[in-house]
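J.: have a look at this fold, sequence not included:
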C-alpha cells in the first residue's frame, strides 16, 4: 500500500489530484450514509430492534390469538407503529437530501467540475474561475463515510469527495495516508472502506485533470497572483460547500464560481471596489434576519406566538390545560433563537476565512472576491437571487450560501452605495 511521507521542504509537493463533479446521487448517498454513522447509527439500530419486536408481536398475534378482532387490532396497531418508527428514521436524511438537491438544481455553481490537488499541508480546489486552499491545520473535522469523504472546513459547511472519484485503491490509500499524517487525530474519523468501484469525473474532452496541468488552473492562478500578489496561508471555506439547515445562513465567499475569471487577464477596471470584514455580532444578526424573513421561519414563529397566546389565555382565565400549548410554544420560539445564536458563534469562531478581510470587485457582468484562501469570479446570472436588507446587500450563490456586504462599509460613500444598487438592479435579480 502506498504511504504518504511528510515532506519538510517548501513548497510542499503535490501528492495526488482528483476531479469531482457532484451529482444528485452523490448527495443522496451522503445524506443517508451520514445518518448511519457515528452516534446517529443508534437511531438505525433502534429502528431495527423495534422492527424485530413488532414483527415478532404480529407473528404471535396471528398464530396464537383466537379472537379475530383482537388479532386484527394488534396487527394493525403494530403495523402503524412500525411505519411511524421508520418514518421518524427516514425523514431527517430525506429532508437533508431534498434541501441539498434543491440547492444543486438551482445553482449552476454547484454543478461545475472541481479539480482538487492534495498537498502535504493543504487541499487546493480549482474550477474554471476559482482557486481556493484549505490547510489541513485549519480543518474542523473529516469524516469518512462509505460513499464519500466529508471534509468540514467549519461547522455546517462540508466538502464532499466521493469515493468513486479515485482512480484506484492505491490512490485512495494514499489520500487516507495524507489525512492520517497531517490532520489531528481529534479531527478525523476514518473507516478505511475499500474502493468498490471507480468512476472518476472527467473533462468533456475525455482527459482527466490528473494527466495534465490544465489551462483553467493556470488561468485562475495567474489572475489570483495579479490580484493579490501572493497566495496567503489562511482560510477554510472552499468549493462544493453545502450547508445543513442548522447553519443555512453562512457566507459563501469561497463558493464555486463559474464564468468570467479569464477576463481578469484584461486591464478592465471594476465599476466598484470595496474591502471589508464581518464581525461576529454582525454575522449573527444577519443569521437572525435571514431566518425570520424566510417563509419557514415566519410560519414557525407565527405558530409559536399563537400557541403562546392560547396558553396565556388559559392561565389568565383558568380554563383548559394551558401548559399543553406552552411547551410547543417555547420550543418553536426559543429553540431557533438559541440555535441560531450558538451555532452562529461556533461557525464564526471556527471559520478563519470568515474573520479576515476580503475585497470585492464589481464589474458589469460579474464580481470578483479576493479572500485569504483564494480568489473567485462569479457571474451575476449564476446567482440564485439578490436582496437588499436594511443593513446589507445579500448575493445568494445558493439558497443557503450568501455573500454579505454590510452597508456600513459605505458610510460616507453614499454615491458608491447607489452605484452598487444600480448595478445589482441592472441584473434583474434585485427588485426595485
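T.: Sure, I can see it. Because the structure is a prediction, the values reported are computed rather than measured. Residues are numbered from 1 along each chain as shown.
J.: rest of the way, CA atoms for contacts and neighbours
T.: Fine.
J.: a helix runs through residue 116, doesn't it?
T.: No. Counting by DSSP: H, G, I helix; E, B strand; the rest coil, residue 116 is not found in a helix; it is strand.
J.: contact partners for it?
T.: Counting by C-alpha atoms under 8 Å, 6 or more residues apart in numbering, residue 116 touches 17-20, 123-126.
J.: what's the nearest residue to it if we skip its chain neighbours?
T.: Spatial nearest neighbour of residue 116, chain neighbours left out: residue 125 (4.7 Å); criterion: C-alpha to C-alpha, 6 or more residues apart in numbering.
J.: so the residue lying closest to residue 117 once chain neighbours are set aside: helix, strand or coil?
T.: Nearest non-adjacent residue to residue 117, counting by C-alpha to C-alpha, 6+ apart: residue 17, 4.4 Å away. At residue 17 the chain is in strand, as set by three-state DSSP.
J.: so what are the sheet partners of the helix or strand in which the residue nearest to residue 116 is found and their directions?
T.: For residue 125, the element it lies in under DSSP states H and E is strand 122-127. Using DSSP bridges, strand 122-127 pairs in its sheet with strand 114-119 (antiparallel), strand 130-135 (antiparallel).
J.: most packed of those strands?
T.: strand 130-135 (a mean of 28; mean count of other C-alpha atoms under 10 Å).
J.: which element is the residue in the chain sticking out farthest from the centre on?
T.: Taking C-alpha atoms, centre = their mean, the residue of the chain most remote from its mean C-alpha position is residue 66, at 55.6 Å. Following DSSP H and E, there is no helix or strand that holds residue 66.
J.: how about residue 405?
T.: strand 401-406.
J.: packing partners of that strand?
T.: strand 250-251, strand 392-396 (3 or more C-alpha pairs under 8 Å, 6 or more residues apart in numbering; DSSP states H and E).
J.: if you set the cut-off to 10 Å instead, what comes out?
T.: On a contact count with 3 or more C-alpha pairs under 10 Å, 6 or more residues apart in numbering; DSSP states H and E, strand 401-406 meets strand 241-243, strand 250-251, strand 272-276, helix 280-292, strand 385-388, strand 392-396.
J.: and that strand, average pLDDT?
T.: For strand 401-406, mean pLDDT rounds to 88.
J.: now the element after it, going C-ward?
T.: Assignment by DSSP H and E places the next element after strand 401-406 at helix 414-426.
J.: report all helices and strands that that next one contacts.
T.: strand 272-276, strand 358-362, strand 385-388, strand 392-396.
J.: in CSV, list those strands along with distance to residue 59.
T.: Output for these, formatted as CSV (distance: least, C-alpha to C-alpha, whole Å):
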stretch, distance to residue 59
strand 272-276, 67
strand 358-362, 65
strand 385-388, 55
strand 392-396, 54
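J.: quick one: closest of those to residue 187.
T.: Each of the helices and strands packed on helix 414-426 has some distance to residue 187 by C-alpha to C-alpha; the shortest is strand 358-362, at 27.2 Å.
J.: quick one: strands adjacent to that closest one?
T.: When DSSP bridges is applied, strand 358-362 pairs with strand 272-276 (antiparallel), strand 366-371 (antiparallel).
J.: for residue 29, find the nearest of these.
T.: strand 366-371 (31.8 Å).
J.: average pLDDT for the closest one?
T.: pLDDT averaged over strand 366-371 gives 90.
J.: if I read this right, residue 337 contacts residue 300, doesn't it?
T.: No. In this structure residue 337 lies outside contact range of residue 300 using C-alpha atoms under 10 Å: 11.7 Å.
J.: run through the stretch 151-300 of the chain and note the low-pLDDT ranges.
T.: For the stretch 151-300 of the chain, the stretches flagged by pLDDT under 70 are 203-267.
J.: quick one: contacts for residue 118?
T.: When contacts are counted by C-alpha atoms under 10 Å, 6 or more residues apart in numbering, residue 118 touches 12-18, 124-125, 133-134, 175, 178.
J.: if residue 135 is in a bridge, with which residues?
T.: Note on residue 135: beta-bridge partners by DSSP bridges are residue 122.
J.: typed the wrong thing, it's residue 385
T.: Assigned bridge partners for residue 385, using DSSP bridges, are residue 396.
J.: give me the neighbour count for it.
T.: 19 (other C-alpha atoms under 10 Å).
J.: quick one: it and residue 106, what's the gap?
T.: Separation of residue 385 from residue 106 (C-alpha to C-alpha, to the nearest Å): 10 Å.
J.: what comes up buried for the longest helix along the chain?
T.: With DSSP state H setting the assignment, residue counts place helix 68-106 as the longest helix in the chain. Residues 71, 74-75, 78-79, 82, 85-86, 89, 93-94, 96-101, 103-104, 106 are the ones in helix 68-106 that count as buried (16 or more other C-alpha atoms under 10 Å).
J.: on contacts alone, who are the packing partners of it?
T.: Helix 68-106 packs on helix 24-34, helix 41-64, strand 241-243, going by 3+ C-alpha pairs under 10 Å, 6+ apart.
J.: got the end-to-end distance for stretch 353-361?
T.: Distance between the two ends of stretch 353-361: 18 Å, counting by C-alpha to C-alpha.
J.: buried ones in that stretch?
T.: Quick answer for stretch 353-361 (16+ other C-alpha under 10 Å): 353-356, 358-361.
J.: if I look at residue 65, how far off is residue 55?
T.: Counting by C-alpha to C-alpha - residue 65 and residue 55 are separated by 15 Å.
J.: now do residue 83
T.: Remark: distance between residue 83 and residue 55 (C-alpha to C-alpha) = 12 Å.
J.: got it, and residue 147?
T.: 31 Å.
J.: higher neighbour count, these two?
T.: Between residue 147 and residue 55, counting by other C-alpha under 10 Å, residue 147 is the more crowded of the two (22 against 16).
J.: my read: that one touches residue 191, true?
T.: No. Counting by C-alpha under 10 Å, residue 147 sits too far from residue 191 to count as a contact (11.3 Å).
J.: tally of neighbours for residue 194?
T.: 11.
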